[in-house]
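A.B. asks: Return atomic coordinates for the entry below.
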Amino acid sequence: MRDSRLDPLFAEATALPGVGPKVAKALTRLLGAPPGGDGPRVIDVLLHAPTGGVDRRTRATIAELVPGETALVEAVVERHQPPRSPRAPYRVVVADDTGAMTLVFFRAKAPFIEHLLPLGETRWIAGAAELFDGMPQMVHPAHVLDAEGLSKLPPVEPTYPLVEGLTHSLVGRIARAALDRLPALPEWLDAAFLRQRGFAGFAASLNALHRPTRPEEIAPDGPALTRLAYDELFANQLALQLVRAHMKRAKGRASVGDGRVTAAVLAALPFSLTGAQERALEAIRADLAAD
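C.D. replies: Down below sits the predicted model:
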């Protein structure tokens, strides 16, 4: 029987905010479904570990932007340049005290861009810059934020394995919602072992993965993932031991012979058994005679 404290973790992922029918289908393609279930569970979301992260702590002026590197820029929206043809991109020029930069959006709707980047307003833009005709530009910035949005931007954004229909930010939001359902559980690993390995608790390790404050926290060989990998191996070994103990409790059927067939076989052999072979036969007879 499963401990009732674990029930929130074994609820279907559709119980999490933001997981509607469309997202649920994508999550099922990504995480699969347990036997007898329609889709992944909350615990499946929690254990879907990131493979890397984007450091959003780096702030830069427009003049300091390095092509190919991600950064967060504070700038004022100066002008909009709507496309002259459906295939052309929508461009928005932003500037700070050190220079100007162009934001490029393909197949964007003008009302959406005008709402996202109002003229004369300050916005914080996150993404990777590049140079085009000698001017910095960002194509489809990862984030365009006002002051309130900036306060909610995580310092390090985890990047996850994905399928079509899911984004890193969406999976991250779902994983953080799953963290809120994590019950308070007693530590099952030895305290001295935890200190020796430098492991945090189970909940703290999951938090480090989905709410990292430093890129090192989600490293493949970092303490958070190593702790969770150890938990998985340890749980597997315990499960095997429980199954084995259950099987050993069940009584078997003793089988005790009188030795006539064995004697006939041994007499027909063109050689004599070695001492090791004799001991092996004795062990087999003892096992057969046991219940």
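A.B. asks: Could you pull out the helices in the protein for me?
C.D. replies: Using DSSP state H, the helices assigned to the chain run over residues 21-31, 42-46, 110-116, 147-152, 168-179, 191-197, 202-210, 223-249, 260-268, 275-289.
A.B. asks: Out of those helices, which is closest to residue 74?
C.D. replies: Proximity of these to residue 74 was assessed by Cβ to Cβ; the nearest stretch is helix 147-152, lying at 8.8 Å. For glycine as for every other residue, the C-beta is placed from the backbone atoms N, C-alpha and C.
A.B. asks: State which strand of this structure is the longest.
C.D. replies: Ranked by residue count, the top strand of the chain under DSSP state E comes out as strand 70-81.
A.B. asks: Give me the mean pLDDT for that one.
C.D. replies: Per-residue pLDDT values across strand 70-81 average out to 95.
A.B. asks: List the buried residues for it?
C.D. replies: Buried residues in strand 70-81, defined by neighbour count with 16 or more other Cβ atoms under 10 Å: 70, 71, 72, 73, 74, 75, 77, 80.
A.B. asks: cool, stretch 79-95 as well?
C.D. replies: Taking 16+ other Cβ under 10 Å as the basis for neighbour counts, the residues of stretch 79-95 that come out buried are 80, 89, 90, 91, 92, 93, 94.
A.B. asks: pLDDT value on the fourth one, please?
C.D. replies: According to the prediction, residue 91 has pLDDT 96.
A.B. asks: One more: the last one?
C.D. replies: Among the per-residue scores, residue 94 shows a pLDDT of 97.
A.B. asks: If the residue nearest to it when sequence neighbours are not counted is in a bridge, with which residues?
C.D. replies: Of all residues not flanking residue 94 in the chain, residue 75 sits nearest, at 3.8 Å (Cβ to Cβ, 6 or more residues apart in numbering). On the basis of DSSP bridges, residue 75 is bridged to residue 123.
A.B. asks: can you give me the mean pLDDT across stretch 101-119?
C.D. replies: Average pLDDT, stretch 101-119: 95.
A.B. asks: May I have that stretch exported as CSV, CA atoms only?
C.D. replies: Extracted as CSV, the C-alpha positions of stretch 101-119 are listed here (Å, rounded to 0.1, in the frame of the first residue of the first chain):
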residue,chain,number,x,y,z
MET,A,101,19.1,47.8,-31.1
THR,A,102,16.5,46.3,-33.4
LEU,A,103,14.0,43.6,-32.2
VAL,A,104,12.8,41.4,-35.1
PHE,A,105,9.6,39.5,-35.1
PHE,A,106,8.5,37.2,-38.0
ARG,A,107,4.8,36.6,-38.7
ALA,A,108,3.8,38.8,-35.8
LYS,A,109,0.5,40.6,-35.4
ALA,A,110,0.8,44.4,-35.0
PRO,A,111,-1.7,44.7,-32.1
PHE,A,112,0.3,42.1,-30.1
ILE,A,113,3.7,43.9,-30.8
GLU,A,114,2.2,47.3,-29.9
HIS,A,115,0.9,45.9,-26.6
LEU,A,116,4.1,44.1,-25.9
LEU,A,117,6.3,47.1,-26.7
PRO,A,118,4.5,50.4,-26.2
LEU,A,119,6.2,53.5,-27.5
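A.B. asks: list the buried ones in it?
C.D. replies: Buried positions in stretch 101-119, judged by neighbour count with 16+ other Cβ under 10 Å: 101, 102, 103, 104, 105, 108, 113, 116, 117.
A.B. asks: what residues are up against the third one?
C.D. replies: For residue 103, the contacting residues are 91, 92, 93, 94, 117, 125, 137, 138, 141, 144, by Cβ atoms under 8 Å, 6 or more residues apart in numbering.
A.B. asks: Next, the contact list for the fourth one, please.
C.D. replies: If you count contacts by Cβ under 8 Å, 6+ apart, residue 94 has them with 73, 75, 76, 77, 78, 100, 101, 102, 103, 117, 123, 125.
A.B. asks: switch to 10 Å and redo it
C.D. replies: With contact set as Cβ atoms under 10 Å, 6 or more residues apart in numbering, residue 94 has these partners: 62, 73-79, 100-103, 117, 121-123, 125, 136, 138, 141, 144.
A.B. asks: Good, we can wrap up now.
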